[in-house]
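*Asks:* Sequence and predicted structure below; questions after.
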Amino acid sequence: MKLVRRLLLRLVIALLVTWGVASAAWFMTVWLPGDPVETVLGPQASPADIERARALYGSDRPASERYLNYHRRLVHGPNAELAHDHCAELPLGLHANLGFSFVYNQPVAALIKKKLPLSFDLAVVAIALQVVLSVGLGVLSALKRGSRIDELIVGASTALSAAPTFASGLFLQYFLAHRLGLLPIDGAGKAPGMFSLSILLPALTLALYGTGVLTRLVRSELQEAIDKPFVRVARARGASRLYAFGFHALRTTLGPITQLTILELGALISGAIVTEKLFRWPGLGDLTVNAIQSRDPELVMGITLASALLVTVSTLLADLVAVLLDPRPRNHTR
């Protein structure tokens, strides 16, 4: 029961955080200088046209009324007295209305639904590359503890963590795309086979940043596991050093690796803005920059809310995985 209450408490906290992010995004778009309606209509629009557009989008109403209406239409039932033209269907018969983008002339939910799979694919490939690189380097570093190889891996992982993504991305574009011509320099190729090649450079850029952190985590966990009794017993029974590392010690790192990977996945889906813009990847990050530049408040709020939900869900999943893979918290709750 204590475990259930613990998970329910985290769910309530996650919902409160999501509400806070949505409210903060709404107030920021309202308080920013300038009028989005005038930006869209242009300098040639007459005052009458501007007033009609404001009335159409509801921006002429008091801020308190607009704030309440925004939250009232976010999640509602199918029988609510609201127009459902711009809604996305949710489980349990609920509807979500993230608003309407007057720049793209489309529902915000439809725009996010279109861009989200591209960001998801990019994040998954980046996470896969990150795990492969980090586990390999972390195991090698732990096996060669105290050697020059260990020092080189630790130094390289620290440098990767400190390097901004745009710097590593520009280097990869120059070296792998421009100089060697191995991969497309940017964009998401639509031709058969080109999509898989186009995704590698931005995914590798994202993976390198997280590789530094995950490599040090694997190295630290393995070095701690080496001195545990079960690894010593395995070695005493004749297991090779590599087998003791791979089968016994490495299993102890599965919980922290999985937890960090899930957290990274949510953050990468919603937060790869610089990388997506650098590589002209048409995902959620690229849409975010365009929404900010065009002063599209409904789209900015919708993307912010979707990003907050992604991070919140990934955090909840990471907490659940930590509980399931580590028996110690369950033992304390009995």
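*Replies:* Received the coordinates, thanks.

*Asks:* which stretches of the protein form strands?
*Replies:* Per DSSP state E, the chain carries strands over the ranges 75-76, 87-89, 95-97, 100-101, 106-107.

*Asks:* In terms of secondary structure, what does the third one contact?
*Replies:* Applying 3 or more Cβ pairs under 8 Å, 6 or more residues apart in numbering; DSSP states H and E, we find strand 95-97 packed against helix 63-74, strand 75-76, strand 87-89. Bear in mind the C-beta positions are built from the backbone N, C-alpha and C, glycine included.

*Asks:* again, but for the fourth one
*Replies:* Applying 3+ Cβ pairs under 8 Å, 6+ apart, one finds that strand 100-101 contacts strand 106-107, helix 108-143, helix 297-325.

*Asks:* Next: the second one.
*Replies:* Secondary-structure packing of strand 87-89 (3+ Cβ pairs under 8 Å, 6+ apart): strand 95-97, helix 108-143.

*Asks:* Mind doing that once more with 6 Å?
*Replies:* Secondary-structure packing of strand 87-89 (3 or more Cβ pairs under 6 Å, 6 or more residues apart in numbering; DSSP states H and E): strand 95-97.

*Asks:* How far does the strand it packs on sit from its chain's centre?
*Replies:* When C-alpha coordinates are averaged (Cα atoms, centre = their mean, to the nearest Å), strand 95-97 and its chain have centres 22 Å apart.

*Asks:* do stretch 290-310 as well
*Replies:* 14 Å.

*Asks:* Extract the C-alpha trace of it and format it as PDB.
*Replies:* Only the C-alpha atoms of stretch 290-310 are listed here, as PDB (Å, rounded to 0.1, in the frame of the first residue of the first chain):
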ATOM      1  CA  ASN A 290       9.000  28.800 -36.000                       C
ATOM      2  CA  ALA A 291       6.200  29.300 -33.500                       C
ATOM      3  CA  ILE A 292       8.300  31.700 -31.400                       C
ATOM      4  CA  GLN A 293       9.600  33.600 -34.500                       C
ATOM      5  CA  SER A 294       6.100  34.100 -35.900                       C
ATOM      6  CA  ARG A 295       4.500  35.000 -32.500                       C
ATOM      7  CA  ASP A 296       1.900  32.200 -32.600                       C
ATOM      8  CA  PRO A 297       0.800  32.100 -29.000                       C
ATOM      9  CA  GLU A 298      -1.600  29.100 -29.200                       C
ATOM     10  CA  LEU A 299       1.100  27.000 -30.900                       C
ATOM     11  CA  VAL A 300       3.800  28.100 -28.400                       C
ATOM     12  CA  MET A 301       1.500  27.100 -25.500                       C
ATOM     13  CA  GLY A 302       0.500  23.800 -27.100                       C
ATOM     14  CA  ILE A 303       4.100  22.800 -27.700                       C
ATOM     15  CA  THR A 304       5.100  23.800 -24.200                       C
ATOM     16  CA  LEU A 305       2.300  21.800 -22.700                       C
ATOM     17  CA  ALA A 306       3.100  18.800 -24.900                       C
ATOM     18  CA  SER A 307       6.800  19.000 -23.900                       C
ATOM     19  CA  ALA A 308       5.900  19.200 -20.200                       C
ATOM     20  CA  LEU A 309       3.700  16.100 -20.600                       C
ATOM     21  CA  LEU A 310       6.500  14.200 -22.300                       C
END
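
*Asks:* Could you shift the numbering so residue one becomes 27, and keep it that way?
*Replies:* Okay, using 27 as the starting number, the last item reads as stretch 316-336.

*Asks:* If we go by neighbour counts, what in it is buried?
*Replies:* For stretch 316-336, burial by neighbour count (16 or more other Cβ atoms under 10 Å) applies to 316-317, 320-336.

*Asks:* check contacts around residue 167.
*Replies:* 176, 179, 245 (Cβ atoms under 6 Å, 6 or more residues apart in numbering).

*Asks:* how much space between it and residue 180?
*Replies:* 7 Å (Cβ to Cβ, to the nearest Å).

*Asks:* again with residue 302
*Replies:* 30 Å.

*Asks:* what sits up against stretch 193-206?
*Replies:* Outside stretch 193-206, the residues touching it (Cβ under 6 Å, 6+ apart) are 208, 209, 211, 227, 231, 234, 301, 304.

*Asks:* Over to stretch 221-231?
*Replies:* Outside stretch 221-231, the residues touching it (Cβ under 6 Å, 6+ apart) are 148, 151-152, 155, 191, 194-195, 198, 209-210, 213-215, 301, 305, 307.

*Asks:* Which members of those are classed as buried?
*Replies:* 148, 151-152, 155, 191, 194-195, 198, 209-210, 214, 301, 305, 307.

*Asks:* Out of these, which two are the most distant from each other?
*Replies:* Greatest spatial distance among those (Cβ to Cβ): 194 and 214, at 19.7 Å.

*Asks:* how far out from the middle of the chain is stretch 243-251?
*Replies:* With Cα atoms, centre = their mean, you get 26 Å for stretch 243-251.

*Asks:* what would the helices and strands packed on strand 121-123 look like in a markdown table with distance to residue 162 and mean neighbour count?
*Replies:* Shown next, in a markdown table, are the helices and strands packed on strand 121-123 (distance: least, Cβ to Cβ, whole Å; neighbours: other Cβ atoms under 10 Å):
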| stretch | distance to residue 162 | mean neighbour count |
| --- | --- | --- |
| helix 89-100 | 44 | 14 |
| strand 101-102 | 44 | 16 |
| strand 113-115 | 41 | 16 |
